[in-house]
Every structure is written in C-alpha cells, then in structure tokens.
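A.B. asks: starting from these lines, generate the structure:
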Amino acid sequence: METSTTAKDYEMTTEYDYGDTTPCQKVQERAFGAQLLPPLYSVVFVIGLIGNILVVLVLVQYKRLRSMTSIYLLNLAISDLIFLFTLPFWIDYKVKDDWVFGEAMCKLLSGFYFIGLYSEIFFIILLTIDRYLAIVHAVFALQARTVTFGIITSIVIWVLAILASVPGLYFSKTQWELSHYTCSLHFPPESFTEWKQFQALKLNIVGLVLPLLVMIICYTAIIKILLTRPNEKKAKAVRLIFVIMIIFFLFWTPYNLSVFISAFQDSLFTRKCEQSRQLDLAIQVTEVIAYTHCCVNPVIYVFVGERFRKYLRQLFHRLVAVHLAKWLPFLSTDRLERVSSMSPSTGEHELSAGF
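C.D. replies: Predicted structure coming up:
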C-alpha cells in the first residue's frame, strides 16, 4: 500500500512503499513527520480558525453580502474552515501513528479535505474573473455582477468541488498495517499506477495550470486597462485579489510539483526506493508550507485591505472593547460606541474587492 497519490495522501507517509515488489522501508521519514508536522499543524489550525472566523464575522456584520465579491470572499473563508476542520484529526493521527477514528470518519474527513482544497482553488479563480469583469468589462459587469449571480455561481463551484473530491472520498479507507491502522487512498491493484497518476495530474491541472492561465489572461487585460486609463480606485480593487492569487501559487506550487514528481517517479528515477524516501521528505516539508496557506488569507486582508482593517477595529470595539469598558471604568466608551455605530458603507465604491 502506498500513500503517495495526491495532497492528503502525502500527509501520511507509511512505513513501507509497496509500489515496487520489494518493500521500501520509510521508518525515518515517518518519524520525521511525526516530530515536525503536529506542532506546526496545531499553530496553523489555531491561527487559521481565529482568522477565518473573523473574516466571516466582518463580512456578515459589515458587508452584509451585498456584492458578488463579498459572497466569493465568504465562500473562500468557508473553504479554509472546512480544510482546517480536518487538521486536528490528522494531528492526532501523526502523534499516535495510528488511525483510531474508524473508516467512516476516514472517508468523511478525506472528503472534507478535498472539498476544502478544490473549492478554495475554484473561488480564487472566480475572484480573479470577478476583478477582470469589473475592470475590463465594466458596463457588462453592472448587469452580471449581482448577488443572485454570485450565489448561483457559488453553488455551482461547491458542486464541482464535491465532484472533484469523489475519487478521494471513495478510495480513502482504513487498513491494518503491521502494528497500526492507516487512513489513506487504496486504489485497485490492477490500476494503481493509473489512478495515482490521474490524481496527481488532476491536482496540478486544477490547482496550478488552470489558475495560472486564468491569472495570465485576466491580469494581462487588467494591466492594459490600468496603463491606458489610470484609476486609483480600480488599482486598489485589483490589488487584494492579485495578492491572494500570488500567495496561493507561492504556497501550493512546491507541493503540487512534489506530488507530480512522486506520482511519476517510476518513469523518472532508477533508484526507486532511495528517491521515494527523498520525495517523501520533500513532500512533508512542502506540505507544511501548503497547509499554512489556509491561515494566510486573513493576514493578507489585514495588510492589504484598508477597509478590512477598519471593519476589524469596529468589530473589536463592538464585541470586546465596549464590554471591557463596563468592567474597567477608566476606559471611555463614548468614542468606542460612536465608531462601532458608524455606517461602514457610506460613499464606498461598488468596484471594491470586498474589503
């Protein structure tokens, strides 16, 4: 049994790689993952959970989901939260080196993992297309970029993400291996290599090639418009989504490429066991970088989104500072309440990227 197939599979390096007729021991690789991944995943889980919940609260409280972009940003945060939901279980798996949650949970969590991953990719693509329509086809965008259309396209994206996740959910199973249970993909022996390569190709096409093509096409047209007709509001509206897309590539590309190379290692390398062990180490390191991405978007909003910072301050004043002032009389509540009650949308341009 081999776990090197696509994103989630690489998270759990087994003791043996049965892709060849001779078992390839990977005791050191598993020990390395057990030491490195749980503490890092724990930090990612805490930061990502707090950050994305704040994003959801800000969008619902202040943006009221009145634009298509806000709807996409909300769904992007939900994608990250679905992804994050699975992390505590993988952390426990790594620490105990044993899957204790049963096969039903193995399938369910694997499905959530893939749905979160693919939906995030699709919503980032949608956000890029949304910026393209708003800048390049502004007249058409006034009719097309509606809340209704945003809801409909979001539903379509979730359906596509679920369909893309079906193989991962279907083939995820538990198995007794030597002294412990594993939770990973188990492809039919007669088509093991074909399925493994299909999963790697799908991940790289959907997660790397497709977003890259969309980014090149959309931002080439956007830059041409901004160069011929400079507009500060339009430039600010593009900046946030552009940064989100670039950061996505920086965090996920090393992992996607590692997955691809591992899936085709039989055709690329001669010393298969040695190369497989090296690839497992590379995958575990790049996996940490990739998984960190689910807590990065809220940080981007703080540093790039000016209005998000304002909304976050207002949320803090309303939920925390005002209540603290009741317990600490020396804190003035007049200004806090005045800031919290201000309308955040006065005079704001529809072109906004949501924050």
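
A.B. asks: name the nearest residue to residue 93, sequence neighbours excluded.
C.D. replies: Spatial nearest neighbour of residue 93, excluding adjacent residues (Cβ to Cβ, 6 or more residues apart in numbering): residue 99 at 5.6 Å. Using the backbone N, CA and C atoms, a C-beta is placed for each residue, glycine as well.

A.B. asks: helix, strand, or coil at residue 230?
C.D. replies: Following DSSP: H, G, I helix; E, B strand; the rest coil, the label given to residue 230 is coil.

A.B. asks: for it, give me its contacts.
C.D. replies: With contacts defined as Cβ atoms under 8 Å, 6 or more residues apart in numbering, residue 230 has no neighbours.

A.B. asks: and it, what pLDDT?
C.D. replies: Reported pLDDT at residue 230 in the predicted model: 77.

A.B. asks: repeat that for residue 277.
C.D. replies: pLDDT for residue 277: 77.

A.B. asks: could you do residue 213 as well?
C.D. replies: 94.

A.B. asks: and what of residue 308?
C.D. replies: The model reports residue 308 with a pLDDT of 79.

A.B. asks: before we move on, the earlier item: count the residues that sit near the residue nearest to residue 93.
C.D. replies: Using other Cβ atoms under 10 Å, residue 99 has 23 neighbouring residues.

A.B. asks: that one touches residue 181, doesn't it?
C.D. replies: Yes: contact criterion Cβ atoms under 8 Å: residue 99 and residue 181 qualify, at 4.3 Å.

A.B. asks: now for the two: what residues contact both?
C.D. replies: Common contacts of residue 99 and residue 181 (Cβ under 8 Å, 6+ apart): residue 174.

A.B. asks: just give the number of residues close to residue 184.
C.D. replies: The burial count for residue 184: 25, using other Cβ under 10 Å.

A.B. asks: now it: phi and psi?
C.D. replies: The phi and psi values for residue 184, taken as degrees, to the nearest 10, are phi -160, psi -180.

A.B. asks: may I ask you to confirm that it is in contact with residue 196?
C.D. replies: No: if you go by Cβ under 8 Å, residue 184 and residue 196 don't touch, sitting 11.6 Å apart.

A.B. asks: next SSE downstream of the helix or strand hosting residue 219?
C.D. replies: If you go by DSSP states H and E, residue 219 is part of helix 210-228. Remark: after helix 210-228, the chain's next helix or strand is helix 232-263, criterion DSSP H and E.

A.B. asks: so which bits of that following helix are buried?
C.D. replies: 234, 236-238, 240-245, 247-249, 251-256, 258-263 (16 or more other Cβ atoms under 10 Å).

A.B. asks: same deal with stretch 298-315?
C.D. replies: Judged by neighbour count (16+ other Cβ under 10 Å), stretch 298-315 contains these buried residues: 298, 300-301, 304-305, 307-308, 310-312, 314-315.

A.B. asks: for it, the distance to its chain's centre please.
C.D. replies: When distances are taken as Cα atoms, centre = their mean, to the nearest Å, stretch 298-315 is centred 19 Å away from the chain's centroid.

A.B. asks: CA atoms only for it, dumped as CSV, please.
C.D. replies: Extracted as CSV, the C-alpha positions of stretch 298-315 are listed here (Å, rounded to 0.1, in the frame of the first residue of the first chain):
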residue,chain,number,x,y,z
PRO,A,298,-6.9,36.7,6.8
VAL,A,299,-3.4,38.1,7.2
ILE,A,300,-3.5,39.3,3.6
TYR,A,301,-6.7,41.1,4.3
VAL,A,302,-5.2,42.9,7.3
PHE,A,303,-2.1,44.1,5.4
VAL,A,304,-3.6,44.8,2.0
GLY,A,305,-7.3,45.5,2.7
GLU,A,306,-7.6,49.0,4.2
ARG,A,307,-11.4,48.7,4.8
PHE,A,308,-11.0,45.3,6.3
ARG,A,309,-8.7,46.8,9.0
LYS,A,310,-11.4,49.4,9.7
TYR,A,311,-14.2,46.8,9.9
LEU,A,312,-11.9,44.7,12.2
ARG,A,313,-11.4,47.6,14.5
GLN,A,314,-15.2,48.3,14.6
LEU,A,315,-15.8,44.6,15.3
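
A.B. asks: please begin residue numbering at 27 from this point
C.D. replies: Got it, the first residue is 27 from now on, which makes the last one we talked about stretch 324-341.

A.B. asks: and the helix holding residue 245, what does it pack against?
C.D. replies: In this structure, helix 236-254 packs against helix 128-162, helix 258-289, with contacts taken as 3 or more Cβ pairs under 8 Å, 6 or more residues apart in numbering; DSSP states H and E.

A.B. asks: which stretches of the stretch 27-176 of the chain form strands?
C.D. replies: Secondary structure of the stretch 27-176 of the chain by DSSP state E, counting those that start in this stretch: the strands cover 42-43, 50-51.
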